[in-house]
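[1] predicted model, plus sequence, below.
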Amino acid sequence: MAKASAIRVLGVDPGTIRLGYGLIEVLGSAVKVVASGVVAAPATWETARRLARIAGELGRLIEEAAPSCLALEASFFGKDPHALIRLGEARGMVLALAGARGLAVHDYPPATVKKSVTGNGGASKEQVARVLAALLPELGRAADHDGRLDRTDAIAVAWCHIQKLRLADRIAAVARARR
C-alpha cells in the first residue's frame with residue numbers, strides 16, 4: 001500500500017431489496033470509516049425497478065466518494081436457489097457500475113470476510129458487527145441501526161480487502177529485505 005496517499009475501499013454487500021455499503025479510508029496505519037449505510041427499495045416493486053433505484057443511489061455514491069476500488073462479497077449457495085439468482089442479479093448490477101467507472105473489483109467469499117475480521121470463518125453476522133465496532137469505534141456511535149448488519153457486512157468486505165493489501169505489503173517488504 002502506498003504510504004503517501006489514502007486508499008479508499010468501497011465494500012458492498014449486494015441485495016435486490018437492501019444493499020449495504022461501507023467506505024473505508026486507509027492512510028498509513030490509520031483506518032477510518034468515511035461513509036456507510038444501506039440503499040433500499042420497496043420489496044413490493046418489481047426486481048428491475050428495485051435494481052434501477054439501488055443502482056442510481058450506488059452510482060451517485062461512487063461518483064461522490066471516489067473509491068480506489070470496490071470489494072464485493074462473493075456469491076454463495078444457501079438453501080434457496082431463488083435467493084442465489086437474486087443475489088446474482090444484484091452482483092451483476094454492482095459489477096456493471098464498477099466496470100463503467102473503471103473500478104477494480106475484488107471478490108471475497110463470506111467465510112474469508114468473516115475470518116479477516118473475527119479470526120473465525122464461521123462467525124455470525126452479529127459477531128462480525130461486534131468486532132468491527134471494537135476495531136472502528138465510530139460504528140458503535142452510529143445512530144442508524146436500521147440495516148446495521150447489511151452495513152457492517154459491507155464494511156467487513158472492505159476490511160477484508162484492506163487486510164489483503166497489508167499482507168501483500170508485508171510480503172513485498174520481506175522479499176525486498178532478502179535481496
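    Structure received. Numbering: from 1, shown residues only.

[2] so where do the strands sit in this protein?
    Using DSSP state E, the strands of the chain run over 7-13, 18-27, 30-40, 69-73, 104-108.

[3] could you dump those to CSV with mean pLDDT?
    Converted to CSV, the strands of the chain look like this (pLDDT from 0 to 100):
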stretch, mean pLDDT
strand 7-13, 96
strand 18-27, 94
strand 30-40, 93
strand 69-73, 95
strand 104-108, 96
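
[4] stretch 115-133: which residues count as buried?
    115, 116, 117, 118, 123, 125, 128, 129, 130, 131, 132, 133 (16 or more other Cβ atoms under 10 Å). To be clear about C-beta, it is placed using only N, CA and C from the backbone, and glycine gets the same treatment.

[5] for that stretch, the distance to its chain's centre please.
    Taking Cα atoms, centre = their mean, to the nearest Å, one finds stretch 115-133 lying 14 Å from the centre of the chain it belongs to.

[6] for that stretch, which outside residues touch it?
    By Cβ atoms under 8 Å, 6 or more residues apart in numbering, the surrounding residues in contact with stretch 115-133 are 108, 111-114, 135, 139-140, 148-149, 152-153, 155-156, 159-160, 163-164.

[7] out of the residues you listed, which are inside helices?
    Judged by DSSP state H, the contacts of stretch 115-133 include 111-114, 135, 148-149, 152-153, 155-156, 159-160, 163-164 as members of helices.

[8] out of these, which one has the weakest pLDDT?
    Ranked by pLDDT, those bottom out at residue 148, which scores 78.

[9] where does the chain dip in pLDDT?
    1-4, 76-78, 140-147 (pLDDT under 70).

[10] try it again with 80
    Scanning the chain for pLDDT under 80 picks out 1-4, 75-81, 138-148, 167-176, 179.

[11] just to revisit the earlier point, reformat the buried residues of stretch 115-133 as TSV; add distance to residue 17.
    Conversion of the buried residues of stretch 115-133 to TSV gives the following (distance: Cβ to Cβ, whole Å):
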residue	distance to residue 17
115	27
116	26
117	24
118	26
123	24
125	16
128	20
129	20
130	25
131	26
132	23
133	25
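
[12] hmm, back to that, just the buried ones from the ones in helices among the contacts of stretch 115-133, in ChimeraX syntax?
    Only the buried entries of those go into this ChimeraX selection, using 16+ other Cβ under 10 Å:
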select :112,113,114,148,149,152,153,155,156,159,160,163,164
